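Trainee: Have a look; sequence and predicted model below, questions after that.
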Amino acid sequence: MNRAINVILLVILFPTMLISIYVGMDLPITFLKTTGEFLPYKSEIFLGLGLLILLLLLRRTVRRWMGMRIVSQKKKFKWNQEVSRSRKKRIITYLGLEAVAMFSVGYAIYSVSPEAWAPALALIFGVVDSLLFALVGSLKKGFRVGLSSKALIVADREVTLLYFTGLRKVSPHQQSVYFDYVKDLQLSFPIDCIQKNKLEEFYTALEEQMNPDKVYFSWKK
């Protein structure tokens, strides 16, 4: 989800930056026979782009915080542990890089064209959210892996939810644990989310939630 939203954001930001340059520098727009300063509906265009960016960021924000909130309710899970230290460092690093990138783009857009305040403000919202999420997740130990009788949830920089319905095979391979379902569906989550000294405990708890006659575990001898 997080990766998909970042891709969509990039697609939206390219025309946003382009329009900001044309408007801010009053460059000629030949096919419209006008210049950036006199571009029709430019305020509405910037407002629309800002709202679109904000909606995308809000979608990611709601999913992130809901995932953290759910997995923090330890009593609702059969097995629940904080992610490994190395994974936490990576999460915080990536969240910091996201914040820096959004701030840089937002500042650049507004500097070139103050009329582009809406997209810039939406990106600043993303900056604040990423930093706050990193702070709360780190201090409150909110980056966790939770295992219930019906699903596995990994709450870190993005939320990974893996249901057990239709599951046929679970297999760790290199840096991921793969879940193979009926109809050739395959999902995965990074294995470094689990602390190394908790891996065996995790695998045992995972097996206990499933019917061994229906689900094959590749680590079993």
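Mentor: That came in fine, so what should we check first?
Trainee: which sections of the protein are below the confidence cut-off?
Mentor: The chain contains residues with pLDDT under 70 at 1, 220-221.
Trainee: can I see the domain layout of it?
Mentor: Under automatic domain parsing, the residue ranges defining each domain of the chain are 2-139, 144-217.
Trainee: What is the longest helix seen in the chain packed up against?
Mentor: If you go by DSSP state H, the chain has its longest helix at helix 42-71. Contacts defined by 3 or more C-beta pairs under 8 Å, 6 or more residues apart in numbering; DSSP states H and E place helix 42-71 against helix 2-24, helix 117-139, strand 144-147, strand 151-155, strand 159-163. Where you see a C-beta, it was placed from the backbone N, CA and C, and this is true even at glycine.
Trainee: helices or strands up against the fourth one?
Mentor: In terms of contacts (3+ C-beta pairs under 8 Å, 6+ apart), strand 151-155 is packed against helix 42-71, strand 144-147, strand 159-163, strand 186-190.
Trainee: Including mean neighbour count and distance to Leu206, could the ones you listed go into TSV?
Mentor: Formatted as TSV, these follow (neighbours: other C-beta atoms under 10 Å; distance: least, C-beta to C-beta, whole Å):
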stretch	mean neighbour count	distance to Leu206
helix 42-71	17	16
strand 144-147	23	6
strand 159-163	17	10
strand 186-190	15	12
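Trainee: Out of these, which gets nearest to Thr35?
Mentor: In terms of C-beta to C-beta, the element of those nearest to Thr35 is helix 42-71, at 10.9 Å.
Trainee: Let me know which of the helices and strands packed on strand 151-155 is the nearest to Glu200.
Mentor: Here strand 144-147 is closest among the helices and strands packed on strand 151-155 (C-beta to C-beta), at 13.9 Å.
Trainee: Need the contact partners of that closest one.
Mentor: For strand 144-147, the surrounding residues in contact (C-beta atoms under 8 Å, 6 or more residues apart in numbering) are 68, 70-72, 74, 76-83, 152-155, 193-194, 202, 205-206, 209.
Trainee: ChimeraX command for the buried members of those residues?
Mentor: In ChimeraX syntax, the buried subset of those is picked out as below (16 or more other C-beta atoms under 10 Å):
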select :68,70,71,72,77,79,80,81,82,83,152,153,154,155,193,194,202,205,206,209
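Trainee: and the residue nearest to Lys42 when sequence neighbours are not counted, how many neighbours?
Mentor: Excluding its sequence neighbours, the residue lying closest to Lys42 (C-beta to C-beta, 6 or more residues apart in numbering) is Val23, at 5.6 Å. As a burial measure, Val23 scores 24 neighbours (other C-beta atoms under 10 Å).
Trainee: correct me, but Val23 touches Glu37?
Mentor: Yes: Val23 is within contact range of Glu37, at 6.7 Å (criterion: C-beta atoms under 8 Å).
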